[in-house]
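*Asks:* Here's my sequence, what's the structure:
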Amino acid sequence: AMWTLTDIIHLGEEDEDSQRVPAALARLDTSGILFFLGILMSIGVLDKAGLLKALAVFLNENLPSLDIIATVIGIASALIDNVPLVAATMGMYDITEFGTDDKLWQLIALCAGTGGSILIIGSASGVALMGLEKVDFLWYAKKVSVGAAVGYFAGIATYLVQNAVLSGGLMDAVVPQAMASAEVVQSLSGVF
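*Replies:* Here you go, the predicted model:
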């Protein structure tokens, strides 16, 4: 029906052939579509094998809060494109346990979406920037990554404070999270 409608709309135009559906399909980036299809199929296999649930259990047992888990997922987004990462996260946490408008999903969307900008390889737009504008990885790391990381953590802090204010528990929600985050950072400082 859409194909026919498109043909009727462009009937009689000068460049009628270029406006038809076959011409539009010829311009599709098939390799990009197949890439994302392959990534999403791989995530489906990991989900069916139970590995995503096992990762969720591991993260829940080793990190003190879901806010920190979402933050770690966002940092992983700097290395892995956010589309497969969010698809994997959807397989890790059940929608019946965390509703569609749950704080976890909001924070994961924020973290995965902005965390990919910390490194140029973390997002499809960053990879396109490398290809089209010939931006070097090290140049981006020196000039942009620090600002992107500061913005990333400032965005998370702003979201957590906003959420705490709106839910009426600023002191009850933010202070324990900050203490837990400080303990994690202190425990990691001995690793490096």
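
*Asks:* Specify the helix with the largest residue count in this structure.
*Replies:* The longest helix of the chain (DSSP state H) is helix 145-167.

*Asks:* tell me which residues of that helix are tucked away?
*Replies:* Within helix 145-167, the residues scored as buried using 16 or more other Cβ atoms under 10 Å are S145, A148, A149, Y152, G155, I156, Y159, L160, N163, A164. C-beta here means a position set from N, CA and C on the backbone, and glycine is covered the same way.

*Asks:* which of those residues sit farthest apart?
*Replies:* S145 and A164 (28.6 Å; Cβ to Cβ).

*Asks:* For this structure, give me the ranges with low pLDDT.
*Replies:* Flagging of the chain using pLDDT under 70 yields the residue ranges 16, 169-175, 177, 185, 188-192.

*Asks:* Show me the helices in it, by range?
*Replies:* Ranges of helices in the chain, per DSSP H, are 2-9, 16-19, 21-26, 30-48, 51-62, 66-76, 82-92, 103-115, 124-133, 137-143, 145-167, 170-189.

*Asks:* Do me a favour and get the end-to-end distance for stretch 62-80?
*Replies:* Criterion Cα to Cα, to the nearest Å; first-to-last residue distance in stretch 62-80 is 21 Å.

*Asks:* contacting residues around it?
*Replies:* Stretch 62-80 is contacted by residues 59-60, 85, 89, 103-104, 107-108, 110-119, 121-123, 152, 156, 160, 177, 180-181, 183-184 when judged by Cβ atoms under 8 Å, 6 or more residues apart in numbering.

*Asks:* PyMOL command to pick out the buried ones of these?
*Replies:* In PyMOL, a selection of the buried entries from the contacts of stretch 62-80 looks like this (16+ other Cβ under 10 Å):
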select buried, resi 59+85+89+103+104+107+108+110+111+112+113+114+115+116+117+118+119+121+122+123+152+156+160+177+181+184
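
*Asks:* can you list the buried residues of helix 145-167 in JSON lines and add distance to L46?
*Replies:* As requested, those are exported to JSON lines (distance: Cβ to Cβ, whole Å):
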{"residue": "S145", "distance to L46": "28"}
{"residue": "A148", "distance to L46": "28"}
{"residue": "A149", "distance to L46": "28"}
{"residue": "Y152", "distance to L46": "26"}
{"residue": "G155", "distance to L46": "28"}
{"residue": "I156", "distance to L46": "26"}
{"residue": "Y159", "distance to L46": "28"}
{"residue": "L160", "distance to L46": "29"}
{"residue": "N163", "distance to L46": "30"}
{"residue": "A164", "distance to L46": "34"}
